[in-house]
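Undergrad: Sequence below, structure please.
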Amino acid sequence: MKWRKLGCLWKPDGNIPWARTHAMLPTPAWLPDGRLRLFLASCDEATVSRVGWIDLDGRDPTRIVGQAKEPVLDIGSAGCFDDNGVNPSCIIQLPDGTTRLYYVGYQKQVKVPYTLFTGAAEAPGPESSFVRAQDVPVMDRGPGERFFRTAALVQPGLDDEGVWDAWYIGGGDFTVSAGREQPKYSLRRATSADGLIWPSWGQPVLQPEDGELGFGRPWLHRLDSDRWTLWYSIRTASGYRLGYAVSHDGRSWIRRDDLSGLESTGGDWDGEMQCYGVVQEVGGNLYMFYNGNGYGRTGVGLAVLECD
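TA: Next up is the predicted model:
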């Protein structure tokens, strides 16, 4: 693959109290009038994140046509799994027309730095604010996944239309790397009948290799009837870089990180890190939204696929 970078698309200007910095985990959803809404997490002065959005022209995703004034999902109540930050991970439309947002709930801890679990919130449509489906995680801790069950990508089941599949990040350990405690996790998959009740552990999809600590934010894209791509962020001691795997059945994956096609070219916004990528078709072209340095501190960027 070969991507052409279009630069940094957006970052907060610092004038909104709940959105001083960051534009993390871009999550696209089409609106009824043809706009493309990009849900994002931005942070206040204490680096506590809330979910907002920017709207893009549905024919030209480089053109921003709107921005959230208030968060569509705020942090959870004190003591809950999401009381110190919420980040979007995916949006799905339910058969009854309801829009469901799966999100990352962040909570600080005492004897480990933090935990990350998956929550769900719902709205009548993608233009409304979200209300939590419940105040506890829909994907909570389980065997081997004590600290992390997060960044879930939920889609209708590949094999059975009566179930939902989730690709997500799971793990239960921290390790000291580069002088600080860092998480260790792998990419996993689980299935659910309703998208709210999930098993307590998932099947491994990809495991870290030498020098890797884990993976971040999976994103699945179907190229045609028998070709799938899986995008993810590879975590090392120095941060993230984007990775890429291919499959003919959506189950068994071959890593082809060397062919991901999004090269690091230096610069002031993504020269040190590229992460949390999602791909979206717009006007016959395939675009990638992704974060750069500082896990999204420098904003969200855009690239367009030039050749497959």
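Undergrad: can you tell me which residues contact the most centrally placed residue in the chain?
TA: Taking C-alpha atoms, centre = their mean, the centroid of the chain lies closest to residue 89, which sits 3.8 Å from it. With contact set as C-beta atoms under 8 Å, 6 or more residues apart in numbering, residue 89 has these partners: 25, 27, 102-104, 118, 150-153, 217. For glycine as for every other residue, the C-beta is placed from the backbone atoms N, C-alpha and C.
Undergrad: Return the set of buried residues in the strand or helix carrying it.
TA: If you go by DSSP states H and E, residue 89 is part of strand 86-93. For strand 86-93, the neighbour count (16 or more other C-beta atoms under 10 Å) marks 86-92 as buried.
Undergrad: one step back: would you list the buried entries among the contacts of residue 89?
TA: 25, 27, 102-104, 118, 150-153, 217.
Undergrad: Flag the shaky bits of the stretch 201-308 of the chain, pLDDT-wise.
TA: Where the stretch 201-308 of the chain drops to pLDDT under 70, the residues are 308.
Undergrad: That one: helices as residue ranges?
TA: Ranges of helices in the stretch 201-308 of the chain, per DSSP state H, counting those that start in this stretch, are 293-296.
Undergrad: Which parts of it are strands?
TA: For the stretch 201-308 of the chain, strands defined by DSSP state E, counting those that start in this stretch occupy the ranges 203-206, 214-224, 227-236, 239-247, 254-255, 275-282, 285-291, 300-307.
Undergrad: what would the ones you listed look like in CSV with distance to residue 7?
TA: Compiled in CSV, those are given as follows (distance: least, C-beta to C-beta, whole Å):
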stretch, distance to residue 7
strand 203-206, 30
strand 214-224, 21
strand 227-236, 20
strand 239-247, 16
strand 254-255, 28
strand 275-282, 15
strand 285-291, 12
strand 300-307, 6
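Undergrad: quick one: which of these is nearest residue 177?
TA: strand 227-236 (8.2 Å; C-beta to C-beta).
Undergrad: Could you figure out how far that closest one is turned away from strand 275-282?
TA: For strand 227-236 and strand 275-282, the angle between their directions (axes from the mean of the first three to the mean of the last three C-alpha atoms, to 10 degrees) works out to 160 degrees.
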